[in-house]
Structure formats: structure tokens, C-alpha cells
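Undergrad: output the structure for:
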Amino acid sequence: MGKEFLFIINNIVLKKIITIFGSSIPKEGDSEFNFAYQLGRLLALNNFNICTGGYRGIMHAASKGCTECGGEAIGITVDLWGAAPSEFLTKEIKCTTLFERIVKLIETGDGYLILKGGTGTLLELAAVWELMNKNLAKKKPAVCNSEMWREIVSVMEKQIEFEKRSSGLIKYFDKAEEIADFFKSSLS
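TA: Numbers count the residues shown, from 1 in each chain. Next up is the predicted model:
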């Protein structure tokens, strides 16, 4: 294992954790599901563990890919929808409210990956971005993927620059390999 990405305490290896946000809608065989699965695998193969919201879609795909390659998949869940957590989670942390869940997802990650999603994913992206932008949380590597996020980030960056705040906090990459490489270089 590449020790440059790991902490070792009392002979226990603690890998950096990438929190992944994204839609619960994609199903196996969908391009978004396959992309998240590939990312889960690549992150695990590069000595990262992952954290997700713990349920279906992108969360399930990334957890499956990660655990199949020996990584840990942490699920931060909240029982609002009566859904069963992904069977690929290696650890589940249960929250009582949606906002507690978002805070825990953000606190758990050493880096953030925002994949295609809806308003819930938008809320998570906005929370990560706002906390870093206003120096309310440590700046950590954050990556978006999907044309939708590219457009939203581009529009917001113009406003952030106008407000003379920290720009460039959210990066964008098209390919899974680019994303894994970015986290490797940012978190080494």
C-alpha cells in the first residue's frame, strides 16, 4: 500500500475517506451507476475508503465498487424514506435528521466527490462549498462530475469572484481516472 495516503496508528491503517454525493435513482446498467461503480473501484485501488448517504443509485454503485476492491464503504443514513441501506456498506452511521446526515457526510470526508444528482445533491454541494468559502470548515479537495455541475459551478464562480470570495474551490473532471489522480495528488 502507498503509505503516502495512509495514517498508521497502533499498527492500524487509516485510509483517507472520499465522501461521494449523488442521485439515488440510477440502476445497474445505467451510465451514471456504472461511472460511480468504476470510481468506487478506482478509489479503493488507490487506497481510499468512501462515504456515501448509504442507499441506492450512485451510493450503492460506489459502495459496491469500493468494497469489491478491498475498501471500506461507510454509509451515513437517515430513515426518512423507509429504504434499506446498501448491502455493500461496511459500516453504517444512523442519523435522526436530514441536516444531521449532511453534517456527518461533510465531517467524515477528507475530500468530496459530487456526481450527477437532484436537489438533494445540490444541497450537499452547496453546503460543502459554503462552509469552505466562508472558512467555516477546513478547505478540502472537492470535485464535480457531469455537465450539469460544470454549468452550475461556472455560473456560481462568476458570483463568487464578484463577491471577492475564494474561487476555484470546486474542481471539475470528466474521467474517473482524472478524479482518482486528483485525490491522490491532493491528499498525499
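Undergrad: am I right that residue 66 is in contact with residue 43?
TA: Yes - Residue 66 is within contact range of residue 43, at 6.1 Å (criterion: CB atoms under 8 Å). Glycine gets a C-beta too; all of them are placed from N, C-alpha and C.
Undergrad: for the two, list the residues in contact with both.
TA: 49-50 (CB atoms under 8 Å, 6 or more residues apart in numbering).
Undergrad: per-residue confidence averaged over the host helix or strand of residue 94?
TA: Applying DSSP states H and E as the criterion places residue 94 in strand 91-95. For strand 91-95, mean pLDDT rounds to 97.
Undergrad: need the next SSE after the host helix or strand of residue 160, C-terminal direction.
TA: Residue 160 is part of helix 147-162 when elements are defined by DSSP H and E. Next helix or strand after helix 147-162 toward the C-terminus (DSSP H and E): strand 170-172.
Undergrad: for that following strand, buried residues please.
TA: Residues of strand 170-172 classed as buried under the neighbour-count rule (16 or more other CB atoms under 10 Å) are 170, 172.
Undergrad: which strands and helices sit next to that strand?
TA: Strand 170-172 sits against strand 142-144, helix 147-162, with contacts defined as 3 or more CB pairs under 8 Å, 6 or more residues apart in numbering; DSSP states H and E.
Undergrad: ok, that strand: who's next to it in the sheet?
TA: strand 142-144 (parallel) (DSSP bridges).
Undergrad: now the most centrally placed residue in the chain, what's its secondary structure?
TA: The chain has residue 20 as the residue nearest its centroid, 1.9 Å off, counting by CA atoms, centre = their mean. On the three-state scheme (DSSP: H, G, I helix; E, B strand; the rest coil), residue 20 is labelled strand.
Undergrad: tell me what it is bridged to.
TA: Residues in beta-bridge contact with residue 20 (DSSP bridges): residue 113.
Undergrad: residue 53 versus that one, what's the distance?
TA: 9 Å (CB to CB, to the nearest Å).
Undergrad: and for residue 156?
TA: On the measure of CB to CB, residue 156 and residue 53 end up 23 Å apart.
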